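Q: Below are the sequence and a predicted model for it; my questions follow.
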Amino acid sequence: MNNPTPTEVEVYIKDHFSHLKDPYEAAGKCLSVCQQIQETFPSLKLIKGLVSSPTNIDNITGAHYDKQYPHAWLKADCGTIIDPTVSQFCLLGELNYHELDDAKQTKRCHFCGKYYQGDDITCGHVECITELKNE
Ligand SMILES: [Zn+2]
């Protein structure tokens, strides 16, 4: 189907992938499920990135960012996010999606553990830069 609306895709997912409502079924399947759905709807973009949540109780106290989880999801032409395996994050609350231009180029900050991209040695946060200078 060409250029489906996000609602049409969501209905298709409910009909064909109803098992994904179970967080245990959805866990770890984000990329393979997105690829399967993309075969039916080639106009959708496959996005690799990170999700985080300001309401995640596992956020590390004192950290300058919310805990991040590598994830894949789909994006419609209009920019709407379609996340077929979102149920795996049901305990996190509100989700923020961070797209990565080239997921393979992602680095992890040696000081705080945050994922980032670019040529810098740290994630760029002032505390991490200070720690680098003190090494
Ligand atoms: Zn850092």
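A: Yes, it's here. The model shown is predicted, which means the values in this text are computed figures rather than measured ones. Numbers count the residues shown, from 1 in each chain.
Q: Can you classify residue 97 as helix, strand or coil?
A: Put simply, residue 97 is strand when judged by DSSP: H, G, I helix; E, B strand; the rest coil.
Q: Report the contact partners of residue 56.
A: Residues near residue 56 by Cβ atoms under 8 Å, 6 or more residues apart in numbering: 66-67, 92-93. C-beta here means a position set from N, CA and C on the backbone, and glycine is covered the same way.
Q: Mind checking which of the residues you listed are buried?
A: 66-67, 92 (16 or more other Cβ atoms under 10 Å).
Q: quick revisit: so which two of the contacts of residue 56 are the farthest from each other?
A: Spanning the widest gap among the contacts of residue 56 are 67 and 93, at 12.2 Å by Cβ to Cβ.
Q: Find residues that contact each of the two.
A: 53, 56.
Q: before we move on, the earlier item: any chance of the contacts of residue 56 in a markdown table with pLDDT and secondary structure as columns?
A: Below are the contacts of residue 56 laid out as a markdown table (pLDDT from 0 to 100; DSSP: H, G, I helix; E, B strand; the rest coil):
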| residue | pLDDT | secondary structure |
| --- | --- | --- |
| 66 | 96 | coil |
| 67 | 96 | coil |
| 92 | 95 | coil |
| 93 | 90 | coil |
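Q: What about residue 73, how many residues nearby?
A: Using other Cβ atoms under 10 Å, residue 73 is surrounded by 24 other residues.
Q: actually residue 9, not the one I typed
A: By the criterion of other Cβ under 10 Å, residue 9 has 21 neighbours.
Q: Fine, thanks again, bye for now.
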